[in-house]
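> Predicted model and sequence below, questions to follow.
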Protein chains: 2
Amino acid sequence: MKPFCFAKNQIIDAQSAKVHPMDIGLIRGYGIFDFFRTSNYTPLFLSDYLDRFIRSASKTHLQLNYDKSALSDIIHQLIEKNDLKNGGIRMLLTGGVSENHFSPGAGDLFIFCEDLIFPSLEKYENGVKLLSAEHVRAIADIKTTNYAFPVWLSADWKAKGAEDVIYHQNGIISESSRSNIFVIKDGAINTPDEHILHGITRMRVLELAPETSIRQVSFEELLKADEAFITSTTKKILPITSIDNQKIGSGLVGPITKQLMTDFEAMEKQIVFK
Amino acid sequence: MKPFCFAKNQIIDAQSAKVHPMDIGLIRGYGIFDFFRTSNYTPLFLSDYLDRFIRSASKTHLQLNYDKSALSDIIHQLIEKNDLKNGGIRMLLTGGVSENHFSPGAGDLFIFCEDLIFPSLEKYENGVKLLSAEHVRAIADIKTTNYAFPVWLSADWKAKGAEDVIYHQNGIISESSRSNIFVIKDGAINTPDEHILHGITRMRVLELAPETSIRQVSFEELLKADEAFITSTTKKILPITSIDNQKIGSGLVGPITKQLMTDFEAMEKQIVFK
């Protein structure tokens, strides 16, 4: 956590930020957030993240007292004060203290700057394993703070050599816990569209590979794919080379995945050093 | 909220309780809680609630630095200091501030005392409506703070004249958002056992009606039932007389439900005024 944050209408020492424990953000897990990163001091794809954050607030009936331009101003101030050359920025809007301890009240807005650690180079070169879990997220397309299930699951990941989880239900896959998934077979790229959070990195990949089929993808298809990868703000494009104990394709990172990783890095450089 | 609470190892002014917003209780919705009530200063079924709270902490890998007897002592102190004759007591254990903002850290324990408002007499006399939702809770048997979905749904309840929701998936019902359900047909009482939180009030009803069948119950069976009711700490036994826009049985509160409501009140009186 970096020294300065935005909390309850001002920039303050981040350690002193606080929320009342009876906030339904805590007692009911009702809150929204968003998370993006800076690359050489540029908040990457900021406009898209702010649009999504504002949409999440609206869909969850939470009042956000700052518009897009005001949020952007605060964020640029925080980047400067925290000297955040390459890091993460987390916006959080809580559900607020509620009379009946259930219905949304007037919540608080917080913005924190963080160090950001990407997966190791080894993971990008060899790919990672996902564990499958039968699950579908409720209101997946709203970026709520509801991650109790994957946090609980994650206790097992290290021992099983897994990076994360892939959710499937009734034979259809949706997403990883904090990433979208792409599945490649016979040169065709496919990605699910239902019961997912519509990721900003996913959106960039769809721009880089506009021929991608956006459709239902079965768990069986994933297991029989030639290549697969997940996308997220903190993982960029991360190759998946096994699911549970089954290899994907050859078990090596495939050529289409590699090309998209290169293209995405180039896109980022172009924005940052334009 | 009553004036005194327990927060981070001491009894303090409840308004001044605080938690850091980066606690994964807030940013990942990872925390556990429990909630019970006092009846004439007696914390009802306290031992069962404490056992469940301790079990929830253990199952979620959260460290609880107080054993059952220490928790009981703190609770009795709070009841006295807050003069909590008839009220609610909420225990909350947060996931803590986490290095990677995901894995559980060292959380904080809070205990708050609250006013408690039961459903109106009219609801007990006429029964209430539940809206159905296709959903099943992940790790339902652990009392996590994960209520984002029903809080989100609840925005519609008032306009639709509904009290709460009934979850069903693949044709099988599980529970309401914060209550267990019982379904009565031809004199036989039935209640689901899978994908539910095992409620303390449910346990008491099973003691009052040991002939209850604990088994899978279909959504179809619920719709065709003679009677139905939900059980929870804050609702006790509350009759359900419609689901969506369909009446249950005659649409009136049935005789078996009424008898159990009476028996439960008698059980409470016997404990409190023994």
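That came through fine.

> so what's residue A:88 up against?
Residue A:88 is in contact with A:35-38, A:113-116, A:233-234, counting by CB atoms under 8 Å, 6 or more residues apart in numbering or on different chains. To be clear about C-beta, it is placed using only N, CA and C from the backbone, and glycine gets the same treatment.

> Please give the element, helix or strand, for residue A:165.
Element membership of residue A:165, judged by DSSP states H and E, is strand A:164-169.

> out of the contacts of residue A:88, who's near chain B?
Restricting the contacts of residue A:88 to those near chain B by CB under 8 Å from any CB of the partner chain leaves residue A:114.

> Which ones among the contacts of residue A:88 map onto strands?
Taking DSSP state E, the ones among those that sit in strands are A:35-38, A:113-114.

> what pLDDT does the closest residue to chain B within the stretch 1-150 of chain A get?
Relative to chain B, the nearest point of the stretch 1-150 of chain A is residue A:29 (3.2 Å; CB to the nearest CB). We have a pLDDT of 98 for residue A:29.

> Skip the chain neighbours and tell me the closest residue to it.
Leaving aside its chain neighbours, residue A:29 sits nearest to residue B:29 (3.2 Å; criterion: CB to CB, 6 or more residues apart in numbering or on different chains).

> so who does the one you found touch?
Taking CB under 8 Å, 6+ apart, we find residue B:29 in contact with A:29, A:31, A:144-148, B:144-146, B:148.

> Please apply the same query to residue A:173.
By CB under 8 Å, 6+ apart, the contact set of residue A:173 is A:166-167, A:181, A:183, A:192, A:217-219, A:222.

> Please report phi then psi for it.
Main-chain torsions, residue A:173, degrees, to the nearest 10: phi -90, psi 160.

> Quick check: residue A:7 touching residue B:21?
Yes: between residue A:7 and residue B:21 there is a contact under CB atoms under 8 Å: 7.1 Å.

> Name the residues contacting each of those two.
Shared contacts of residue A:7 and residue B:21 (CB under 8 Å, 6+ apart): A:17-18, A:108, A:110.

> Neighbour-wise, which one of those leads?
Ranked by the number of neighbours (other CB atoms under 10 Å in any protein chain shown), the shared contacts of residue A:7 and residue B:21 place residue A:110 first, at 26 neighbours.

> Any buried residues in stretch A:265-274, and which?
Buried residues in stretch A:265-274, counted by 16 or more other CB atoms under 10 Å in any protein chain shown: A:267-268.

> should've said stretch A:228-244
Of all the residues in stretch A:228-244, those buried under the rule 16+ other CB under 10 Å are A:228-243.

> returning to that earlier point: what about the strand holding residue A:165, average pLDDT?
98.

> same for it, what does it pack against?
Judged by 3 or more CB pairs under 8 Å, 6 or more residues apart in numbering or on different chains; DSSP states H and E, the packing partners of strand A:164-169 are strand A:128-134, helix A:148-153, strand A:172-176.

> Okay, angle between the helix or strand following the shortest one and strand A:172-176 too, please.
Tracing the chain C-terminally past strand A:172-176 and defining elements by DSSP H and E, one meets strand A:180-185 next. Between the direction of strand A:180-185 and that of strand A:172-176, the angle (axes from the mean of the first three to the mean of the last three CA atoms, to 10 degrees) works out to 130 degrees.

> so what secondary structure elements neighbour strand A:180-185?
Secondary structure elements in contact with strand A:180-185, counted by 3+ CB pairs under 8 Å, 6+ apart, are strand A:172-176, strand A:188-191, helix A:200-208, helix A:219-223, strand A:227-232.

> Packing partners of the last one?
What that stands for is strand A:227-232. Helices and strands touching strand A:227-232, by 3+ CB pairs under 8 Å, 6+ apart, are strand A:180-185, helix A:200-208, strand A:236-243, helix A:255-272.

> Any chance of a markdown table for those, columns mean pLDDT?
Supplementary listing: the helices and strands packed on strand A:227-232 in a markdown table, determined by pLDDT from 0 to 100:
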| stretch | mean pLDDT |
| --- | --- |
| strand A:180-185 | 98 |
| helix A:200-208 | 98 |
| strand A:236-243 | 98 |
| helix A:255-272 | 97 |
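
> Which one (most neighbours) among the contacts of residue B:29?
Top of the contacts of residue B:29 by neighbour number is residue A:31, holding 32 neighbours under the definition other CB under 10 Å.

> wait, doesn't that residue sit right on residue A:25?
Yes: counting by CB under 8 Å, residue A:25 is a contact partner of residue A:31 at 3.7 Å.

> what residues are shared contacts of these two?
By CB under 8 Å, 6+ apart, residue A:31 and residue A:25 have these common neighbours: A:92, A:94-95, A:107, A:145, B:26.

> Out of those residues, give me the one that has the most neighbours.
Neighbour max across the shared contacts of residue A:31 and residue A:25 (other CB under 10 Å) = residue A:95, 31 neighbours.

> wait, that residue sits on residue A:20?
No: if you go by CB under 8 Å, residue A:95 and residue A:20 don't touch, sitting 11.5 Å apart.

> Compute the number of surrounding residues for residue A:221.
There are 16 residues near residue A:221, going by other CB under 10 Å.

> Contacts for stretch A:134-145, please.
With CB under 8 Å, 6+ apart as the test, stretch A:134-145 has contacts from A:25, A:29-34, A:52-53, A:56, A:59-60, A:92, A:146, A:149, A:167-169, A:174-175, A:195-198, B:26-29, B:135, B:138, B:148-149, B:152.

> Can I have the buried ones of those residues as a ChimeraX selection?
Buried members of the contacts of stretch A:134-145, defined by 16+ other CB under 10 Å, are picked up in ChimeraX with:
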select /A:25,29,30,31,32,33,34,52,53,56,60,92,146,149,167,168,169,174,175,195,196,197,198 /B:26,27,28,29,135,138,148,149,152
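
> Tell me, how many residues neighbour the closest residue to chain B within the stretch 151-274 of chain A?
Of all residues in the stretch 151-274 of chain A, residue A:151 sits closest to chain B, at 4.5 Å by CB to the nearest CB. By other CB under 10 Å, 21 other residues sit near residue A:151.

> Now for the nearest residue to residue A:214 once chain neighbours are set aside: which residues touch it?
Using CB to CB, 6+ apart and skipping residues adjacent in sequence, the residue nearest residue A:214 is residue A:193, 4.7 Å away. Listed by CB under 8 Å, 6+ apart, the contact set of residue A:193 reads A:214-216.

> Reformat the residues you listed as a markdown table; add pLDDT.
As requested, those are exported to a markdown table (pLDDT from 0 to 100):
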| residue | pLDDT |
| --- | --- |
| A:214 | 98 |
| A:215 | 98 |
| A:216 | 98 |
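
> Grab the nearest non-local neighbour of residue A:205.
Residue A:205's closest residue in space is residue A:231 (CB to CB, 6+ apart), at 5.5 Å.

> Quick check: of the shared contacts of residue A:7 and residue B:21, which lies closest to residue B:70?
Using CB to CB, residue A:18 comes nearest to residue B:70 of these, at 25.8 Å.

> Give me the pLDDT value at that closest one.
Here, the pLDDT recorded for residue A:18 equals 98.

> do the one 3 residues further on as well
At residue A:21, the predicted lDDT confidence score is 98.
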